[in-house]
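# kindly generate the corresponding structure for this input.
(chains A and B)
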Amino acid sequence: MSGVTMNEPLVADDAPRASRTLNRPSLPRWTPAALAAASVALGTGIGLGAGLSSRIQWGLIAVLLFIGGTYALAARVEGRRQAKDRLATSLVWVCFVLAVIPLVSLGWETISRGSKVLDGGFLSHSMAGVLTIQPGGGVYHAIIGTLEQVGIATAIAAPIGLLTAVYLVEYGRGRLAKAVTFFVDVMTGIPSIVAGLFILSFWILMLDFGYSGFAGSMALAILMMPVVVRSTEEMLKLVPNELREASLALGVPKWRTILKVVLPTAIGGIATGVMLAVARIAGESAPIVLLVFGSQLINNNPFDGAQSSLPYYIYEQWAAGNEASYDRAWAAALVLIAFVMILNLVARGIARWKAPKGGHR
Amino acid sequence: MAKRIDVSGLSAFYGSHRAIDDISMTVEPRSVTAFIGPSGCGKSTFLRTLNRMHEVTPGGRVEGKVLLDDENLYGPGVDPVSVRRTVGMVFQRPNPFPTMSIYENVAAGIRLNGGRVRKAELDAVVEKSLQGANLWKEVKDRLNKPGAGLSGGQQQRLCIARAIAVEPEVLLMDEPCSALDPISTLAIEDLIGELKERFTIVIVTHNMQQAARVSDRTAFFNLAGVGQPGKLVEIDDTERIFSNPSVQATEDYISGRFG
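Here you go, the predicted structure:
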């Protein structure tokens, strides 16, 4: 037992209670917004007045004014504890804005520049017979290439990754599981160009196959697999053990328990993970340069001959270095972003549709 | 339906740690047997050895014999999956499958076992099981709603319905009321009284009044100290255990003079 006896209250009864009111003065709810606006205005004013050329300096001044002003004002009106709270809140907001600026400017830049030549003709034509210096031409052959290469890569990597994750979570014990985990970690760190070189030396140089979309797909699959394994593993670990036991206790064999109880419970997260992995490989250009070679023409057959792909097309058009090809590069970038965005929306849709339904509805 | 369980010389291990030691007892068919005892004395572990769920835990291992009407559950060539179909289990925390509706939860045992059952037959089984679990009236109009949307007590009765839908011979219950309020507990206790007409029931409970209310026979488990294996102290008719137990430790535990 501790030295404090229970009949002696920790705070003496005759301690002054008068100062303990629960009401505190507080700033109105619009204060942070008003302070932010004022700081931006002041920052701009100081920047213009002092003739600072860099907008970054204006922004920094505004940020410092906002944070300092918030703290000073809150400390004066509300007290030190609330001031610290407001300081932390304003720092979080500043960081949020800093994180969003590149995202918004990237989206804005791509949309404004890319929409210039993006139309039905651009989406439905290849670069066949179009000189890089001419306007016109299109991205159709690259879209076909990306869809086929990414599709095949997903068809290879998703099942293997999924089954590996199932093995690691549901069966894996001891050395083999540890080794698999280790190699998956190592694979996560493989640079895409190395995956490309590996397939190049193995498939094209050693086995003597030609350039093809399929060769690129194999390299993309190598890049995709560890991402799928990792995300699926995490999702499967989130499935409560009680559900597995409930199913086993009903006399359901383990493999059926995994198939009918564990995977459906985690399917939303698994789908999201696979889609994120797809989004990641859809933007890879290095293995494509090495293995698919690139092409100006429509080639619907991923197993024979050179193809193009969206990231490769962007690279190629940018490298061509003239006004018309720059426009095409931006438009293709917009198409690529839209492709990844649509995949993400699909994944979210699947996740919401398949998510475990709980609560009262 | 309803089989006798004969346990002899049963020990269970987690890795090298012996969790329960040399337990022998008989559980009569069509009766309720309650296991009581302090936490960590191996009641739940022992319960899980009765349908081979103990070995699902990594490192779980069992020695000894469990006879279900003369058939040894741990005999060579016995499939744990078929054991679990014969000996059903209800867990401490209600655990309906979150991806499934109320109907699918009850039908899960049959559907997941791969049986091709006609819709009408399945409907009948679901209705019978839900009625058996005293849940039919409350859920019959929302069978397609998710099972996780029910209250805790209803969820636990749903789990009981799910367990009895596969027509087991024995029903094991691991503290089925410990997460429930008194009214839901009463509903489950009434249900246990009805279910013992059809099944052999074994229930683990920390609630002595509950053991006294629902069980015909009571087994008291104890352990000598932390890290020591749990042992069966005695098993007798519930009335005798609670009025005139033959071992002093049992009386101490029941009257709260323990430790």
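
# how about the helices in the chain?
Here I'm looking at chain A. Under the criterion DSSP state H, chain A contains helices at A:31-50, A:55-77, A:80-114, A:120-124, A:140-166, A:174-188, A:192-199, A:213-238, A:241-249, A:254-257, A:263-282, A:286-291, A:310-320, A:323-354.

# can you look at chain B instead?
Using DSSP H, helices in chain B cover B:43-49, B:80-86, B:102-112, B:119-132, B:136-139, B:152-165, B:182-195, B:208-214, B:238-243, B:248-254.

# for the helices of chain A, give me JSON lines that also has distance to chain B.
From N, CA and C alone the C-beta is placed, and that goes for glycine too. JSON lines is the format used below for the helices of chain A (distance: least, CB to the nearest CB, whole Å):
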{"stretch": "helix A:31-50", "distance to chain B": "39"}
{"stretch": "helix A:55-77", "distance to chain B": "43"}
{"stretch": "helix A:80-114", "distance to chain B": "33"}
{"stretch": "helix A:120-124", "distance to chain B": "39"}
{"stretch": "helix A:140-166", "distance to chain B": "17"}
{"stretch": "helix A:174-188", "distance to chain B": "11"}
{"stretch": "helix A:192-199", "distance to chain B": "35"}
{"stretch": "helix A:213-238", "distance to chain B": "12"}
{"stretch": "helix A:241-249", "distance to chain B": "4"}
{"stretch": "helix A:254-257", "distance to chain B": "5"}
{"stretch": "helix A:263-282", "distance to chain B": "4"}
{"stretch": "helix A:286-291", "distance to chain B": "37"}
{"stretch": "helix A:310-320", "distance to chain B": "36"}
{"stretch": "helix A:323-354", "distance to chain B": "8"}
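
# still on that earlier bit, could the helices of chain B go into CSV alongside mean neighbour count and distance to chain A?
Putting those into CSV (neighbours: other CB atoms under 10 Å in any protein chain shown; distance: least, CB to the nearest CB, whole Å) gives the following:
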stretch, mean neighbour count, distance to chain A
helix B:43-49, 24, 9
helix B:80-86, 18, 3
helix B:102-112, 24, 4
helix B:119-132, 16, 12
helix B:136-139, 16, 13
helix B:152-165, 25, 7
helix B:182-195, 16, 16
helix B:208-214, 19, 21
helix B:238-243, 18, 26
helix B:248-254, 17, 25
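
# nearest to A:Pro32, of those?
With distances scored as CB to CB, the stretch of the helices of chain B nearest to A:Pro32 is helix B:152-165 (41.6 Å).

# who does that closest one touch, helix- and strand-wise?
Here helix B:152-165 touches helix A:241-249, strand B:87-90, helix B:102-112, helix B:119-132, helix B:136-139, strand B:170-174, helix B:182-195, going by 3 or more CB pairs under 8 Å, 6 or more residues apart in numbering or on different chains; DSSP states H and E.

# report the mean per-residue pLDDT for it.
Mean pLDDT, helix B:152-165: 90.

# ok and that helix relative to helix B:182-195, angle-wise?
Angle, helix B:152-165 to helix B:182-195, by axes from the mean of the first three to the mean of the last three CA atoms, to 10 degrees: 20 degrees.

# and B:Met100, its phi and psi?
According to degrees, to the nearest 10, the main-chain angles of B:Met100 amount to phi -110, psi 150.

# rewinding a little: please convert the helices and strands packed on helix B:152-165 to JSON lines, extending it with distance to B:Met53 and mean pLDDT.
Converted to JSON lines, the helices and strands packed on helix B:152-165 look like this (distance: least, CB to CB, whole Å; pLDDT from 0 to 100):
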{"stretch": "helix A:241-249", "distance to B:Met53": "6", "mean pLDDT": "91"}
{"stretch": "strand B:87-90", "distance to B:Met53": "6", "mean pLDDT": "92"}
{"stretch": "helix B:102-112", "distance to B:Met53": "15", "mean pLDDT": "89"}
{"stretch": "helix B:119-132", "distance to B:Met53": "21", "mean pLDDT": "89"}
{"stretch": "helix B:136-139", "distance to B:Met53": "27", "mean pLDDT": "89"}
{"stretch": "strand B:170-174", "distance to B:Met53": "8", "mean pLDDT": "92"}
{"stretch": "helix B:182-195", "distance to B:Met53": "20", "mean pLDDT": "87"}
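
# take the helices of chain A and lay them out in a markdown table including distance to A:Pro302 and mean neighbour count.
Listed next are the helices of chain A as a markdown table, based on distance: least, CB to CB, whole Å; neighbours: other CB atoms under 10 Å in any protein chain shown:
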| stretch | distance to A:Pro302 | mean neighbour count |
| --- | --- | --- |
| helix A:31-50 | 52 | 15 |
| helix A:55-77 | 46 | 17 |
| helix A:80-114 | 26 | 13 |
| helix A:120-124 | 20 | 13 |
| helix A:140-166 | 4 | 22 |
| helix A:174-188 | 23 | 13 |
| helix A:192-199 | 14 | 20 |
| helix A:213-238 | 3 | 24 |
| helix A:241-249 | 40 | 20 |
| helix A:254-257 | 33 | 16 |
| helix A:263-282 | 15 | 22 |
| helix A:286-291 | 11 | 24 |
| helix A:310-320 | 14 | 21 |
| helix A:323-354 | 17 | 18 |
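
# can I get those in TSV with distance to B:Arg240?
Converted to TSV, the helices of chain A look like this (distance: least, CB to CB, whole Å):
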stretch	distance to B:Arg240
helix A:31-50	72
helix A:55-77	71
helix A:80-114	63
helix A:120-124	85
helix A:140-166	51
helix A:174-188	49
helix A:192-199	74
helix A:213-238	48
helix A:241-249	32
helix A:254-257	42
helix A:263-282	46
helix A:286-291	78
helix A:310-320	80
helix A:323-354	54
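
# closest one to B:Thr49 among these?
helix A:241-249 (13.0 Å).

# low-confidence ranges, chain B, go.
B:1, B:115, B:258-259 (pLDDT under 70).

# and with 50 instead?
For chain B, applying pLDDT under 50 flags no range at all.

# average pLDDT for stretch A:85-103?
On average, stretch A:85-103 scores 92.

# what's it in contact with?
Identification of contacts with stretch A:85-103 by CB atoms under 8 Å, 6 or more residues apart in numbering or on different chains yields A:32, A:36, A:63, A:66-67, A:70-71, A:74, A:78.

# sorry, back to before: the helices of chain A: which one's closest to B:Pro29?
Closest to B:Pro29 of the helices of chain A, according to CB to CB: helix A:241-249, at 20.2 Å.

# pull that closest one out as PDB, backbone CA atoms only.
The C-alpha trace of helix A:241-249 is given here as PDB (Å, rounded to 0.1, in the frame of the first residue of the first chain):
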ATOM      1  CA  ASN A 241      -8.800 -14.600 -35.300                       C
ATOM      2  CA  GLU A 242     -12.200 -15.100 -33.800                       C
ATOM      3  CA  LEU A 243     -13.700 -15.300 -37.200                       C
ATOM      4  CA  ARG A 244     -11.300 -18.100 -38.300                       C
ATOM      5  CA  GLU A 245     -12.000 -20.000 -35.100                       C
ATOM      6  CA  ALA A 246     -15.800 -19.500 -35.500                       C
ATOM      7  CA  SER A 247     -15.600 -21.000 -38.900                       C
ATOM      8  CA  LEU A 248     -13.200 -23.900 -37.900                       C
ATOM      9  CA  ALA A 249     -15.500 -24.700 -35.000                       C
END
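
# other SSEs contacting it?
Helix A:241-249 sits against helix A:254-257, helix B:152-165, with contacts defined as 3+ CB pairs under 8 Å, 6+ apart.

# other residues contacting that helix?
Outside helix A:241-249, the residues that touch it by CB under 8 Å, 6+ apart are A:254, A:256-257, A:260-262, A:265, B:51, B:53, B:56, B:84, B:88-89, B:91, B:93, B:95, B:97-98, B:108, B:112, B:159, B:162-163.

# same question for stretch B:99-118.
A:247, A:250-252, A:256-257, A:260-261, A:264-265, A:354, A:356-357, B:85, B:96-97, B:122, B:125-126, B:129-130, B:139, B:142-147, B:150, B:158, B:161-163, B:165-166.
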